[in-house]
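**Student:** attaching a predicted model along with its sequence, questions to come.
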Amino acid sequence: MAANNSFLVEITGQTAFHLGNPSAPLAVDIAVGYRSRIVENDQRERFLYATLTSENKNGISIQDIINCCTNQPAVIPDLLNAVTLKQFSVTYGSGGMDATDFKIEFNCKLHINDRYFDAVITIDYQKNGSQTTFAFGGILSVEEHRFALHFVQEKEAGYLYAAYQNFGKTTIDLRALATKFFGESATNKMPALSFTLETFKAFLLYKKEKDTSGLCFGMGAGLELDLNDLPLAGPVLTQGRAFAFKEVLALYSNGTFEKEVLQRFEALPPVAIGSGFNITTQLEINGEAEYYALNDGTDQEFTKPEQPQQTSVTAVAPLGDGIIAKAKWKKIDKKIGPVTLQRLGFAYQDSKVVLLLDATMEMKGMGMQLMGFGLGFKLQWPPGIPDFYLEGLGLSYTAPPIEISGAFLHTTASYNGKTIDVYNGGAIIKVSRFTISAIGSYAKVADEASLFIYGVFDGPIGGPAFFFVTGIAAGFGYNRKINVPSINEVALFPLVALAMRPEEDQGLLPLLASLETPMKNGKKPIEISIGDYWLAVGIKFTSFKLIESFVLLTVNFGTQLEFAILGLSRLSWPEKSMAPQPIVYVELAILAHFGPGSDVIAVEAVVTPNSYVLSRDCKLSGGFAFYTWIKGPYEGDFVITLGGYHPKFIKPAHYPSVPRLALSWKISSLVSIKGELYYALTASAIMAGGKWEVLFKTSIIKASIVIWADMLIAWAPFHYYIDMGITVKIEADIKILFIRIHFSFEMGAELHIWGPPFAGEAYVDWTIFSFTIPFGDHSKKEPKKLQWTEFASGFIPQKKNTVSTNARLKEGEAAGISNPDPTNITISNGLIEVKGVDKFPVINPHQLAITIDSFIPVSQLKINEKEVSGSTVMKSETGDTIYANREQNIGIRPCGFTTGTVAFQMNVDVVLNGTKMPMTVSGIAKGVAEALWSGEASKSTNANPGTTKILTNVLSGVMLQPPAIPQVAQIRTFDFSTLFDASKTEFDWIFTLAKTGEAYHAIEVLGYYDEVNHIKVTGILESTYEENNVKTKREKIVALLKAGFDESFPDIDEDAINRNMSNEDDYFTGIPVICEIGQLPQYSTDVK
């Protein structure tokens, strides 16, 4: 054994000198030590160590420290550049005399999100040949929690990533830690979440850019959820962990972080993070794991007390209101056994994570579609028992020639502040020649049932080729109300969609779901409404096998009455048997609605976005509207438009917005065509026009041609203004070597025509010059006023005449007269019937009301040659007014008749046998078009027609009623108790004849038996019934009865009359008695 020759040599010393940058040296105290030891086999170990200590009142930067140790350049993270040290201590050591690596470590305060945290920063310097590297790290301390630091510096931003260091079982609280980083204001913007685990994640990511910063804190762990009880698909998904949660993370951020940023750091979810509270999950599907963001960040307040997690498996739970619509969906298209997952939906609501699965199943020939299918769970470890959801179930079975499909959907609705359960269902049965479809819904509100049923029979029924019926529809609703959709929603309205089934049957579940989806007006298509009811009937038909149409009439009644017609027509040519793809497909939606409570009768139509011609890229669009206001503030106004209005027409707010009748065709990537047309008729003007544009565009050249025209015609008096033009434009960008040349050429021509008198100008514009050519009479003349005969013939209804309209107009013009019929007299109330060829009215005088409507406004009303009083009521749909407040600024604007130049007087005389009769009078007030009846000259021009205006409170008729029956001044009281005492009073038959006033005792009429003389005395009735004049009267009475009823009324049976009159039994010989209501009369015993 060799001798032990080991010995130790140690040399120490201390000095002071300056290190670092000569312009700003650091005064450093250094203690240096050298130790050398010889061990066995004469092996020598050397170790050099030093401790540097420095103080500087101005602070010491990290760069200064590095400069003290090496002259190699270092890229210091921006997040550390701002750190200054008043004092530092660096221990330098090496494993051998020749080593050059060293490590710097110091304590400091890190500035993160406007807050300071204790940290230990570590700088590792390594040299490998000529390559040198600096690695920055350390430990961040937040109370008892420790995070390992990692710094990344990029050109535009610096990042600090801190991963939690856990040693054994640790308790983490989301709110407690997040409050340290974000402050107290963030406490209620995240749920209460804590866990005590050995294996978990917690991290911090801080981003610092030039002027902005962002901080994200997150925590979470793996989550083992038992999905075996998930309805229908649970056992399939849990088998072999085919569908499992590997990890769920809760994050809070005060900024946004892109996916590309997070995926650079280990253990962070590679998804985009939004501002606020976020949840991410890592799902494993068929062995493939992928991260998903469950939401886009939310700043909602989490102040509600959280519901305790259930501790036992329950039946399927109701899905929260609107969850499906709010969910964030991602397409995956994965198959697990018989289950196909098309999409995943994620949401966070009521402190629960909700995972929805858009899934279908196939089992033994039956297909199942699952809707509102998924689970919800609270963020907690260990996990609780999740909620399972199944909102709807669709079934389909095919066994030719029968196809059966059904659907069931459970949802909830709010009514009067209460949540109620709603059950929707439907079924479709198809056979070779017909299809039967039906949908329905049921709910119970308090003790009231609310339901509806609607069905469609789709199969050939018959009819002529232009109207061949192929289906019928009918339905009713009890305690339900149909909300009329907008014109753009007609095609997808459930009652229409079930009959037309767009896109070859979209399925029952989406159709049932649409019943609970609010429309643009915020209302559901068919809503619960206690006290309301509806009926619907529809018909489906084809025209020459080219046009398929469905028209549905709906009636709401109960609290209010409302009618609506919804229709959908499709033109498809050629039909499928001739070509797989039609070259013309036009779909037209139609809507008309009106009710007593509505101010307007509205009819609308729109070409749906599905329409095209020649190619699916050649889209058709456009709309039609007819509105007429029958009451309200716009009473008397109307509009008819196809494709909208003149560009300069200022559309009143109550007019409908109608899209242009347009064609848009992108023929190829180089060529496109656009065109549009419009026509409109209002109370002030007619307008029409259109535009066509052809565009050719490549990367070098762009060429276009635009042709347009707009026409405006004021229709009383006649005046027109027409604009039209054409523009040709060519642009080119040519690059030759490094020179880019832009070439532009434009030529246009415009024609403006107005009149009468006819005038206009032509304008030519070229790139280098332009000029205008006027023509016609340019003097500004007032438009020619209409003569009264012209106005009356064109704008006032004419009396019926066998002479043709044209001939009558020519005769009127020649003679200077017209044949106007401006009034209409009707019996508006009290009419019982109309009899005879001459149609004589039979009326109830107590209810009689005669209405006289005048097409011409009335400024003065006289009844029996006397003007009515100013307090006379004028009835109006907008509210009653009085005669004194009527509109009196009336004239005929087209004729130039201003206020006071013409009298608008209505005289009504009511005469009976030459005597003028007083009547109860009330005026009728309406709205009329200002363009026709205003007493002021027009202030608008044809170039700028302005808006349509209505004159309100215009007297336009009168209602006449008989004077009210005088009321009894005093009603005498009557003691009803005495009536019952009269039941024992005896009476005699006494007949009072109206014509003569003579009175007969009953026995004189009916006859009697004379007890004294023992003979029978013949009465008047018995002695006269066989007289000829009596028989004649009797026959007249029967003839009148036959005329009033029908010929089946029996004829007179004279034999029966003789038998009755010769009968030994006597009639009407008893003394009349009085009895109480419901009591049988008690006659004396001697009455036969």
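**Tutor:** Yep, it's here.

**Student:** can you list the buried residues in the helix or strand where A592 lies?
**Tutor:** Following DSSP states H and E, one finds A592 within strand 584-594. Judged by neighbour count using 16 or more other Cβ atoms under 10 Å, the buried positions of strand 584-594 are 585-594. Quick note: C-beta positions are derived from backbone N, CA and C, even for glycine.

**Student:** buried set for stretch 116-129?
**Tutor:** 117, 119-121, 123, 125.

**Student:** report the lowest-confidence entry in those residues.
**Tutor:** Sorting the buried residues of stretch 116-129 by confidence puts Y125 at the bottom, with a pLDDT of 75.

**Student:** could you measure from it over to A74?
**Tutor:** Y125 sits 8 Å away from A74, going by Cβ to Cβ, to the nearest Å.

**Student:** okay, the longest helix anywhere in the chain in CSV with CA atoms only?
**Tutor:** The helix that spans the most residues within the chain, counting by DSSP state H, is helix 1028-1044. Below are the C-alpha coordinates for helix 1028-1044, written out as CSV (Å, rounded to 0.1, in the frame of the first residue of the first chain):
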residue,chain,number,x,y,z
ASN,A,1028,-164.1,32.9,-48.6
ASN,A,1029,-162.5,36.2,-47.6
VAL,A,1030,-161.0,34.5,-44.6
LYS,A,1031,-159.6,31.6,-46.7
THR,A,1032,-158.1,34.2,-49.1
LYS,A,1033,-156.3,35.9,-46.3
ARG,A,1034,-155.1,32.5,-45.0
GLU,A,1035,-153.7,31.6,-48.4
LYS,A,1036,-151.9,35.0,-48.6
ILE,A,1037,-150.2,34.4,-45.3
VAL,A,1038,-149.0,30.9,-46.3
ALA,A,1039,-147.7,32.3,-49.7
LEU,A,1040,-145.7,34.9,-47.8
LEU,A,1041,-144.3,32.3,-45.5
LYS,A,1042,-143.3,30.2,-48.5
ALA,A,1043,-141.6,33.2,-50.0
GLY,A,1044,-139.8,34.0,-46.8
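
**Student:** next SSE after that helix?
**Tutor:** Scanning onward from helix 1028-1044 (DSSP H and E), the first element met is helix 1054-1061.

**Student:** ok and that following helix relative to helix 1028-1044, angle-wise?
**Tutor:** Computed by axes from the mean of the first three to the mean of the last three Cα atoms, to 10 degrees, the angle separating helix 1054-1061 from helix 1028-1044 equals 120 degrees.

**Student:** what comes into contact with helix 1054-1061?
**Tutor:** Applying Cβ atoms under 8 Å, 6 or more residues apart in numbering, the contact partners of helix 1054-1061 are 1022, 1025.

**Student:** any regions of the stretch 101-250 of the chain where pLDDT drops low?
**Tutor:** 101-102, 128-130, 226, 229, 231-232, 240-241 (pLDDT under 70).

**Student:** repeat that for 80
**Tutor:** Applying pLDDT under 80 to the stretch 101-250 of the chain picks out residues 101-106, 125-134, 185-188, 224-242, 244-245.

**Student:** separation between G297 and T281?
**Tutor:** Taking Cβ to Cβ, one finds G297 at 15 Å from T281.

**Student:** more crowded one of those two?
**Tutor:** T281 (22 against 18; other Cβ atoms under 10 Å).

**Student:** need the phi and psi values for that one.
**Tutor:** phi -140, psi 150 (degrees, to the nearest 10).

**Student:** next one: A499
**Tutor:** Dihedral pair for A499: phi -80, psi -40, per degrees, to the nearest 10.

**Student:** that one contacts G471, correct?
**Tutor:** Yes: in this structure, A499 is within contact of G471 by Cβ atoms under 8 Å, at 6.5 Å.
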